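> below is the sequence, then the predicted model.
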Amino acid sequence: MKPKILLILLFLNLTSFAQISYLLNIDSIPKTPNLPQHLVLYYKNANEAKWLFYNKKYKEAIVKYKTAFEIAKPQAQHIGDLMQCYFESNQKDSAVKYAEFCIKNFGLDVYRMVKDSSINSFYSLEIFKKPLSEFYAKDNTIRKVIMIEHYLHNDHFFRSEFANFNLGNEVKNKDEFAFKIALQYDSIYAIPYITNLIKEFNFPNEYDIGYYSVKNIMFLLRHYNIERDVYDSALYNGKTLPEDYASLTDYKFNTDWEALIKENKFRPKNNYGPNLKEINNKMVVGELDDIENVDKRREAIGLMPLWQYAKYKKFELSDAYKNVLKKQKIKY
């Protein structure tokens, strides 16, 4: 049998035929879901607080975060930021209060409160041990955390092992081969467990299974196709962060797959950014669909403008996007 035929058969064995069929049948991109008004206001205040936080205006940021928390149930990362604002403002009692809340509810590490060795003792305070035990004891959380980390570990293990395995000349792209091996493992073992969690919690968030477990699930979901409306519903009900929603849906859905398959060209559709590319050793925003309206799309799902996010995350803006900002007379 010819090598090319062997590779095709290998690919079909490692990848669910149903997944391939679903992928090829994507011919249109659904419109951005509209958030309920209370979440629109919540994210508006939270984003303004985050921008103030970035600019070290901690007291103003505290006011904005508190306003947001009166509108909707606080998200883990926003409470973490509020904790940091109190710490940077030298209000350590309030910082400890919110640190305890973060650990108890999300298992969220408060490493950001450790600036140097002079305050290492603050991180290791006895008061932090009780809320951590309460987090793991809640609703058998420790079992869920261990299971999710087990699946993530195996995903990484298969990738690293097969990437270094002597596959001979039959497999030219070992990284791609290793990815397909990991994908097959995830599809068989990890995804059924995760889809059960999605049903159990109507999409799990940080309150349900902890901050890090949510991040791990979002990574594993990049390997599997579930219906787009599952993610839309999670966003609409405040069960997933706009950042996570945008990252996953851009990766899974907001791509012109026909162009990618037939022409080997990446073309985004209705995306939120940023898909990044390296130019002159700098990470720069890549191609954006309907670039004039990208910030309107971002605002509609609760994201800050792309130019603010670029400063916050320290990456460069593309010339095309800069031109849009100039036309819109936005100073950045």
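Here it is on my side, so go on.
> where does this structure dip in pLDDT?
For the chain, applying pLDDT under 70 flags the ranges 1-32, 109-126, 162-175, 177, 260-261.
> so which residues of it form strands?
Using DSSP state E, the strands of the chain run over 276-279, 282-285.
> next one: the first one to chain centre, how far?
Once both centres are worked out by C-alpha atoms, centre = their mean, to the nearest Å, strand 276-279 turns out to sit 19 Å from its chain's centre.
> give me the buried positions along that strand.
Buried residues in strand 276-279, counted by 16 or more other C-beta atoms under 10 Å: residue 276. C-betas here are computed from N, CA, C, even on glycine.
> now do the buried residues in stretch 284-293.
Using 16+ other C-beta under 10 Å as the test for burial, stretch 284-293 gives 284, 285, 286, 288, 289, 291.
> could you do stretch 187-201 as well?
Taking 16+ other C-beta under 10 Å as the criterion, stretch 187-201 shows 187, 190, 191, 194, 197, 198 as buried.
> wait, which of the residues you listed is closest to residue 128?
residue 197 (27.0 Å; C-beta to C-beta).
> that older thread, how about the buried residues of stretch 187-201 in CSV, adding distance to residue 224?
As requested, those are exported to CSV (distance: C-beta to C-beta, whole Å):
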residue, distance to residue 224
187, 6
190, 8
191, 5
194, 8
197, 13
198, 11
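> which of those sits closest to residue 236?
Nearest to residue 236 out of the buried residues of stretch 187-201 is residue 198 (C-beta to C-beta; 14.8 Å).
> need the contact list for the closest one.
The contact partners of residue 198, taken as C-beta atoms under 8 Å, 6 or more residues apart in numbering, are 204, 226, 230.
> give me the buried entries from those.
Buried among those (16+ other C-beta under 10 Å): residue 204.
> now, the contacts of residue 198 that are in helices?
residue 230 (DSSP state H).
> closest to residue 59 out of the contacts of residue 198?
Within the contacts of residue 198, proximity to residue 59 (C-beta to C-beta) peaks at residue 204, which comes in at 34.1 Å.
> and the residue nearest to that closest one when sequence neighbours are not counted, what does it touch?
Leaving out its chain neighbours, the residue that sits closest to residue 204 by C-beta to C-beta, 6 or more residues apart in numbering is residue 197, at 5.1 Å. Residues in contact with residue 197, defined by C-beta under 8 Å, 6+ apart, are 144, 204, 209, 217.
> okay, now the third one: neighbour count?
Right, the one you point to is residue 209. By other C-beta atoms under 10 Å, the residues close to residue 209 number 24.
> circling back to that earlier point, in a markdown table, list the buried residues of stretch 284-293 along with distance to residue 128.
Formatted as a markdown table, these follow (distance: C-beta to C-beta, whole Å):
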| residue | distance to residue 128 |
| --- | --- |
| 284 | 40 |
| 285 | 39 |
| 286 | 41 |
| 288 | 42 |
| 289 | 45 |
| 291 | 45 |
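> pick the one among those residues closest to residue 52.
Checking the buried residues of stretch 284-293 against residue 52 with C-beta to C-beta, the nearest one is residue 285 at 23.4 Å.
> the closest one is in contact with residue 322, isn't it?
No - here residue 285 does not reach residue 322: they are 9.6 Å apart, not a contact under C-beta atoms under 8 Å.
> rewinding a little: just the closest of the buried residues of stretch 187-201 to residue 96, please.
Closest approach between those and residue 96, by C-beta to C-beta: residue 197, at 31.5 Å.
> ok, the closest one to residue 103 distance?
When distance is defined by C-beta to C-beta, to the nearest Å, residue 197 is 22 Å away from residue 103.
> before we move on, what about residue 312?
As for residue 312, its distance to residue 103 is 24 Å (criterion: C-beta to C-beta).
> likewise residue 320?
Residue 320 is 43 Å from residue 103, by C-beta to C-beta.
> mind listing what's buried along stretch 35-46?
Under the neighbour-count rule (16+ other C-beta under 10 Å), stretch 35-46 has 35, 39, 40, 41, 42, 43, 44, 45, 46 buried.
> then that stretch to CSV, C-alphas only?
The C-alpha coordinates for stretch 35-46 follow below in CSV (Å, rounded to 0.1, in the frame of the first residue of the first chain):
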residue,chain,number,x,y,z
LEU,A,35,-26.2,39.7,26.0
PRO,A,36,-28.9,40.5,28.5
GLN,A,37,-28.8,44.1,29.7
HIS,A,38,-27.6,43.4,33.2
LEU,A,39,-24.5,41.5,31.8
VAL,A,40,-23.9,44.4,29.3
LEU,A,41,-23.7,46.8,32.2
TYR,A,42,-21.7,44.4,34.3
TYR,A,43,-19.0,43.9,31.7
LYS,A,44,-19.0,47.6,30.9
ASN,A,45,-18.1,48.5,34.5
ALA,A,46,-15.7,45.6,34.9
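> okay then, goodbye and thanks.
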